[in-house]
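A.B. asks: need a 3D model of the sequence below.
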Amino acid sequence: MIISCVKTPRQFDQFIKFAWKIYTKESPWVPPLISGVKSMLSADKNPFWLHAKKDLFLAYDDKGKVVGRVAAIIDYNYINFHNDNCGFFGFFECIDDEKIAKALIDEVQKWLAAHNIFKMMGPMNPSTNDECGFLCEGFEIPPSIMMTYTPKYYLNLAQSAGLKKIKELYAYTMPVTADNRLERLKRVAEMVKKRFPALEIRTLNIKDIRNELKFVMSVYNRAWEKNWGFVPWTNEEFEDIAKNFKPLLDPKLAILASISGSPVGMLVSIPDYNQVLKKLNGRLFPIGFLKFLYGKRKIDELRLMIMGVVKEHRNKGIEALMYLEGLKYALTKSYKHCELSWILDDNIPTQRTAEMMSGKIYKRYAIYAK
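C.D. replies: Numbers count the residues shown, from 1 in each chain. Below you'll find the model as predicted:
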């Protein structure tokens, strides 16, 4: 076995496409768009790499066949924000072989040590603001958009490589149906509006996207700043995310809350485009784009990606108003279920809110460290 650092375009292509060797067509895994993975890993296309660095590694067997991959990552914004000299491993894929998995993890450890970093955690693909974790419950269910799917044996590979689980992330599933939740939420909404007459709940104005981005960024960087793993987005990252998400976003599924014009909360859901991506096998062209346009009309699930209120306005019922507006609109469409993800294993208030909305944990993801 040989571990080789990716240096050539051919190796870069091997790194990206190796995932297709791990998962069969019958697997719940959803192939990502190859172009999207290339952009994410390219320094000239992803502004994340303005404050981060990486090397990609491939494992080859004695016949020159790729049998594993991993990325070694340093996010200096994470290190500075948390005062935690910790690197990441990410984009891990491997055949079911403990020696190969350990060799890949050891390679990341050596690379980080060469940069004076002696602690790592992951998988982060490539950061805590992106896809995270190894799946540890819910293997029979396809992942929602921007959530990972990994084989069950990865948990054993992680442990055999000397990694220890340090954190779990939960995904809840919630039915989208007209039931007693609506009446409960309406009663709460009436009380909250009386207490806070200056409170405004509205949907995203896509025509004024630049100012709306300032609103969203203000809430995000204040509401999540104390969360485990949180790293503020830079302006460049936020604009890049907005550019990529704008074609996918239904503005009426982005609920914004303000008091006297000041941003205080947001709730953002998107249709689960993985239902369509599953059929594209990683390529939009030449005919994948037509499949996408046809399939997107049949999407019947959502992913609630973001729900937060700034600290000074939590537990005042603002969350309920945003849920109410989102649920009312979802009921006018053909959506049947909504995934709420991800929620930290120690974020009890948000877990209780998800349960109040009839949500149940149906997937868990594990973060490992060494």
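A.B. asks: in stretch 61-81, which residues are buried?
C.D. replies: For stretch 61-81, burial by neighbour count (16 or more other CB atoms under 10 Å) applies to 66-75, 77-79. Every C-beta, even on glycine, is put in place using the N, C-alpha and C of the backbone.
A.B. asks: er, stretch 80-99 actually
C.D. replies: For stretch 80-99, burial by neighbour count (16+ other CB under 10 Å) applies to C86, G87, F88, F89, G90, F91, F92, E93, C94, I95, D97.
A.B. asks: sorry, back to before: looking at the buried residues of stretch 61-81, which are in strands?
C.D. replies: The strands, defined by DSSP state E, take in V66, V67, G68, R69, V70, A71, A72, I73, I74, D75 from the buried residues of stretch 61-81.
A.B. asks: quick check: pLDDT value at the spatially most central residue of the chain.
C.D. replies: Nearest to the mean C-alpha position of the chain, counting by CA atoms, centre = their mean, stands E131 at 4.0 Å. Looking at E131, its pLDDT reads 96.
A.B. asks: measure it to M120 for me?
C.D. replies: According to CB to CB, to the nearest Å, E131 stands 17 Å off from M120.
A.B. asks: one more: R184?
C.D. replies: Here R184 is placed at a distance of 44 Å from M120 (CB to CB).
A.B. asks: and what of I141?
C.D. replies: Computed as CB to CB, the I141 to M120 distance reads 29 Å.
A.B. asks: those two: which has the busier surroundings?
C.D. replies: Taking neighbours as other CB atoms under 10 Å, I141 and M120 compare with M120 leading, 24 against 15.
A.B. asks: dihedrals phi and psi, that one?
C.D. replies: M120 adopts backbone torsions of phi -140, psi 160, taken as degrees, to the nearest 10.
A.B. asks: leaving out the residues flanking it, which one is nearest to it?
C.D. replies: Spatial nearest neighbour of M120, excluding adjacent residues (CB to CB, 6 or more residues apart in numbering): G87 at 4.7 Å.
A.B. asks: ok, that neighbour - contacts?
C.D. replies: By CB atoms under 8 Å, 6 or more residues apart in numbering, the contact list for G87 reads A72, I73, I74, D75, V108, L112, H115, I117, K119, M120.
A.B. asks: C86 contacts Y78, doesn't it?
C.D. replies: Yes: at 7.3 Å, C86 and Y78 qualify as touching, with contact defined as CB atoms under 8 Å.
A.B. asks: one step back: state the phi and psi torsions of the residue nearest to the centre of the chain.
C.D. replies: phi -70, psi 130.
A.B. asks: distance of it from P123?
C.D. replies: 8 Å.
A.B. asks: all helices for the protein, in order.
C.D. replies: Listed in chain order, the helices of the chain (DSSP state H) span 9-17, 19-22, 34-41, 76-82, 98-114, 153-160, 180-195, 209-223, 235-245, 274-277, 288-295, 318-331, 348-356.
A.B. asks: quick one: closest of those helices to A254.
C.D. replies: When the helices of the chain are compared by CB to CB, helix 209-223 sits nearest A254, at 8.1 Å.
A.B. asks: give me every residue that touches the nearest residue in space to Y172 that is not next to it in sequence.
C.D. replies: Spatial nearest neighbour of Y172, chain neighbours left out: G359 (3.6 Å); criterion: CB to CB, 6+ apart. Shown in contact with G359 (CB under 8 Å, 6+ apart): Y172, T173, M174, L340.
A.B. asks: one more pass at 6 Å, please.
C.D. replies: Going by CB atoms under 6 Å, 6 or more residues apart in numbering, G359 touches Y172, M174, L340.
A.B. asks: any of the residues you listed buried? List them.
C.D. replies: Neighbour counting over these (16+ other CB under 10 Å) leaves Y172, M174, L340 as the buried ones.
A.B. asks: between those, which is nearest G261?
C.D. replies: Looking across the buried ones among the contacts of G359 and measuring by CB to CB, the closest to G261 is L340, at 28.5 Å.
A.B. asks: for the closest residue to that closest one other than its chain neighbours, give its distance to I34.
C.D. replies: Nearest residue to L340 in three dimensions, chain neighbours excluded: Y172, at 4.2 Å (CB to CB, 6+ apart). Distance from Y172 to I34, counting by CB to CB: 30 Å.
A.B. asks: count the neighbours of M305 for me.
C.D. replies: When neighbours are counted by other CB under 10 Å, M305 registers 20.
A.B. asks: need the contact list for it.
C.D. replies: Applying CB under 6 Å, 6+ apart to M305 gives the contacts V268.
A.B. asks: if you set the cut-off to 7 Å instead, what comes out?
C.D. replies: V268, S269, I270 (CB atoms under 7 Å, 6 or more residues apart in numbering).
A.B. asks: same question for E137.
C.D. replies: K363, R364.
A.B. asks: now swap in S334 and tell me
C.D. replies: By CB under 7 Å, 6+ apart, the residues touching S334 are D300.
A.B. asks: neighbours around V264, how many?
C.D. replies: 25.
A.B. asks: surely it is in contact with G308?
C.D. replies: No: using CB atoms under 7 Å, V264 makes no contact with G308, being 9.7 Å away.
A.B. asks: tilt between the lengthiest strand in the chain and helix 318-331?
C.D. replies: Looking across the chain with DSSP E, the single longest strand is strand 164-175. With axes from the mean of the first three to the mean of the last three CA atoms, to 10 degrees applied, the angle from strand 164-175 to helix 318-331 works out at 60 degrees.
A.B. asks: centre of the chain to strand 164-175, how far?
C.D. replies: Averaging C-alpha positions (CA atoms, centre = their mean, to the nearest Å) puts strand 164-175 12 Å from its chain's average.
A.B. asks: and it, what does it pack onto?
C.D. replies: Judged by 3 or more CB pairs under 7 Å, 6 or more residues apart in numbering; DSSP states H and E, strand 164-175 is in contact with strand 337-344, strand 360-369.
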